[in-house]
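1. Predicted coordinates and the sequence they were generated for:
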Amino acid sequence: MRTDQSGNASGRSNQARSVEVIIVGAGLSGIGAACRLRQRLPELDFLILESRDAIGGTWDLFRYPGVRSDSDMYSFSYPFRPWTKPGVFASGQEIRIYLCDTAAEYGVKGHIRFGCRVTSASWSSGSATWTVEAQTNKGDIRYSCGFLYLCTGYYDYDTSYQPEFCGFAEFCGSFVVPQFWPSELNCADRDVVVIGSGATSVTLVPALAGACARVTMLQRSPSYIAAVPSVELRPWLGRLLPPRAAYGLRRLDSILRQQIFWEYCRRRPAQATKLLRGGVAKWIGWPMVDQHFTPRYRPWDQRLCVAPDGDLFSAIRAGTVTVVTDQIDRIESDGIRLASGRKLRADIIVSATGLVLKPAGGIALQVDNRRVDLGQVMTYRGMMLEGVPNLVYTFGYVNSSWTLRSDMIARWVCRFLRYLRRRGFASGTPSAKSVKPDNGFLPLNSGYMERGLGLFPRQGARDPWRIRQNYFLESILFRFAPLGRQIVCTRHREQPR
């Protein structure tokens, strides 16, 4: 079968092109994984199958005003390609450019097949291969590979979570979902109500402030928000050290501070609550904190939101943003009626109410004609699946930068593939015999995570079936733990060894 330059099929779909590795997804994880393969296994033949028409994943999808990273770029960027621009955080456009430049620099772009949506993947033990089915705008297409590497993220790109608002059909204005922000939307001199209190709202609201007649952040329950400087606090490092050494120290400092604060919040939640609330009070005073910024959960039971330079609080203090904490009674033709009886007038309602989780990109997995139910298997180090050969699924940290763990997994995959080659094995399958399931895959209790908890694999009661939300501990385990530990390796057409 031939493929054209865009990766679309131009031959019969039942003639599968065979490669050694298929990476699904050309976002942050997929591009990083491909670069690691190019660095460490340059002789390997691989493809990246991407359902969209551009590199970027999340950062190509999200185009709402102000979209940015909520992790600092020292830990969010790839360790093999340091972030060199000024500023601790980056806009969505800057991240897209960074990913495209990285792909070009490491010769990855030619391996990408755009507009190629993977729908299913089936493993055959007889041939030790995955058969991957995908849809393109020219018809279905089939690939085969020895190793399948899923870098699909964790949420549905095609749908978002929307509560059933009473009276929704009566609204005469524009109802907008940030995930699908319309490029032609004009917010100038309009009354805008943003429903939500999570990371999207905390990012979007300050970006709209000043451009609209009035911006209201309507939250049904508050979130913890930390004001973080957007400029490097130690600029002298760049003057004293070579660029790569300065970047390494900043990266290490960032990772250390994230890990220490996570542990502090988990072990001393009362003190952490006092610290976070006190930080907000310095910007807008205690009455506002007591009324609108006192969450009902402990710090880091849900993801901590970041306000660079306190931009949200500055907008509140300047009067360009109003915060309302209440329940929605119904949507009316010209606004929102609250449970308290108050009415918020709105020309535009932005519903930033959460994501719909979708593990493994919704790909239907089979092993020897047996369907794999992700919710019923355990996860090996949070990246492989019990009983599923030669498959890795990337899932980053929830308490730190996603890239820290995705790059760690990419390096482990290179090590594992080299291990299989050198020992003459065709496949490796995690086996969880005598290991009991313990808790869920997702460690936070955010609404969108609780809604999708049963869709994800379970963790086990002991290592290596647990995810440690600790970069330093996992970096040691991923690098030095025996590769054959509870992984059954098999030679082609032979019994497991």
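-> Structure's in. What do you need? Residues are numbered from 1 along each chain as shown.

2. what's the weakest-modelled helix or strand in this structure?
-> Every helix and strand of the chain was ranked by mean pLDDT, DSSP states H and E. The lowest is helix 236-240, at a mean of 73.

3. Now the element after that helix, going C-ward?
-> helix 243-267 (DSSP states H and E).

4. Please identify the buried residues of that following helix?
-> 246-248, 250-251, 253-255, 258-259, 261-262, 265-266 (16 or more other CB atoms under 10 Å). (C-beta placed from N, C-alpha, C; glycine too.)

5. Ok, stretch 472-479 next?
-> Neighbour-count burial for stretch 472-479, counted by 16+ other CB under 10 Å, picks out 474-475, 478.

6. Measure how far the top strand by length along the chain is from the centre of its chain, please.
-> Counting residues, the longest strand in the chain under DSSP state E turns out to be strand 139-150. Distance of strand 139-150 from the chain centroid (CA atoms, centre = their mean, to the nearest Å) equals 23 Å.

7. pull the CA atoms of that strand into PDB?
-> Taking C-alpha atoms only, strand 139-150 is exported to PDB below (Å, rounded to 0.1, in the frame of the first residue of the first chain):
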ATOM      1  CA  GLY A 139     -11.200   5.800   3.400                       C
ATOM      2  CA  ASP A 140     -10.000   3.300   5.900                       C
ATOM      3  CA  ILE A 141      -6.300   2.300   6.200                       C
ATOM      4  CA  ARG A 142      -4.400  -0.400   8.000                       C
ATOM      5  CA  TYR A 143      -1.000  -0.600   9.500                       C
ATOM      6  CA  SER A 144       0.900  -3.200  11.400                       C
ATOM      7  CA  CYS A 145       3.700  -2.800  13.900                       C
ATOM      8  CA  GLY A 146       5.600  -4.700  16.600                       C
ATOM      9  CA  PHE A 147       5.100  -2.000  19.300                       C
ATOM     10  CA  LEU A 148       2.200   0.300  19.800                       C
ATOM     11  CA  TYR A 149       2.800   3.600  21.600                       C
ATOM     12  CA  LEU A 150      -0.300   5.600  22.600                       C
END
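
8. The residue nearest to the spatial centre of the chain and E50, how far apart?
-> The centroid of the chain falls nearest to G153 when counting by CA atoms, centre = their mean (5.3 Å). From G153 over to E50 the distance is 12 Å, taken as CB to CB, to the nearest Å.

9. intersection of neighbour lists for those two?
-> Contact criterion CB atoms under 8 Å, 6 or more residues apart in numbering; residues shared by G153 and E50: G25.

10. Assign L344 to helix, strand or coil.
-> Per DSSP: H, G, I helix; E, B strand; the rest coil, the secondary structure class of L344 is strand.

11. Now do the helices in the stretch 151-300 of the chain.
-> Listed in chain order, the helices found in the stretch 151-300 of the chain under DSSP state H, counting those that start in this stretch are 199-208, 236-240, 243-267, 269-284, 286-292.

12. Now do the first one: everything it contacts.
-> Where contact means CB under 8 Å, 6+ apart, the residues beyond helix 199-208 that reach it are 64-68, 70, 178, 187, 192, 194-195, 215, 217, 219, 223, 225, 303, 305-307, 311-312, 314-315, 321, 350, 352.

13. Repeat the analysis, applying 6 Å as the threshold.
-> Here helix 199-208 makes contact (CB atoms under 6 Å, 6 or more residues apart in numbering) with 64-66, 70, 178, 192, 194, 215, 217, 225, 305, 307, 311-312, 315, 321, 352.

14. Can you flag which of those belong to strands?
-> Reading strands off these with DSSP E, I get 192, 194, 215, 217, 225, 305, 307, 321.

15. if we can go back for a sec, can you flag the weakest of the helices of the stretch 151-300 of the chain by average pLDDT?
-> Lowest mean pLDDT within the helices of the stretch 151-300 of the chain: helix 236-240, a mean of 73.

16. If you count contacts, what does the longest strand of the chain end up packed against?
-> Under the contact definition 3 or more CB pairs under 6 Å, 6 or more residues apart in numbering; DSSP states H and E, strand 139-150 sits against strand 17-24, strand 129-136, strand 391-393.

17. Minimum distance to N445: which of these has it?
-> strand 391-393 (22.2 Å; CB to CB).

18. Could you check how far that closest one is from the centre of its chain?
-> From the chain centre to the centre of strand 391-393 is a distance of 16 Å (CA atoms, centre = their mean).

19. Dump the next helix or strand after that strand to CSV, restricted to CA.
-> Next helix or strand after strand 391-393 toward the C-terminus (DSSP H and E): helix 402-423. Output of helix 402-423 as CSV, limited to C-alpha atoms (Å, rounded to 0.1, in the frame of the first residue of the first chain):
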residue,chain,number,x,y,z
TRP,A,402,3.0,16.5,32.2
THR,A,403,6.2,16.4,30.2
LEU,A,404,8.3,15.2,33.2
ARG,A,405,6.6,11.8,33.1
SER,A,406,5.9,11.6,29.4
ASP,A,407,9.6,12.0,28.7
MET,A,408,10.5,9.5,31.4
ILE,A,409,8.2,7.0,29.7
ALA,A,410,9.8,7.7,26.3
ARG,A,411,13.2,7.0,27.6
TRP,A,412,12.0,3.8,29.3
VAL,A,413,10.4,2.7,26.0
CYS,A,414,13.7,3.1,24.2
ARG,A,415,15.4,1.1,27.0
PHE,A,416,12.7,-1.6,26.8
LEU,A,417,12.9,-1.9,23.0
ARG,A,418,16.7,-2.3,23.1
TYR,A,419,16.3,-4.9,25.8
LEU,A,420,13.9,-7.0,23.7
ARG,A,421,16.2,-6.8,20.7
ARG,A,422,19.4,-7.7,22.5
ARG,A,423,17.8,-10.8,24.1
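
20. Mind listing residues that contact helix 402-423?
-> Identification of contacts with helix 402-423 by CB under 6 Å, 6+ apart yields 29, 32-33, 36, 40-41, 75-76, 383, 392, 394, 396-397, 471, 478, 483.

21. now, which of those residues sits nearest A272?
-> Distances from A272 to the contacts of helix 402-423, taken by CB to CB, are shortest for Y397, at 18.3 Å.

22. Other residues contacting stretch 483-492?
-> Contacts for stretch 483-492 (CB under 6 Å, 6+ apart): 128, 416, 419, 424-431, 496-497.

23. Output it as CSV, nothing but the C-alphas.
-> The C-alpha trace of stretch 483-492 is given here as CSV (Å, rounded to 0.1, in the frame of the first residue of the first chain):
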residue,chain,number,x,y,z
LEU,A,483,13.0,-4.6,32.9
GLY,A,484,11.9,-8.3,33.3
ARG,A,485,10.3,-7.7,36.7
GLN,A,486,6.7,-8.9,36.3
ILE,A,487,6.9,-8.6,32.5
VAL,A,488,6.7,-11.9,30.7
CYS,A,489,9.0,-11.8,27.6
THR,A,490,8.3,-14.2,24.7
ARG,A,491,10.2,-15.2,21.6
HIS,A,492,8.2,-15.4,18.3
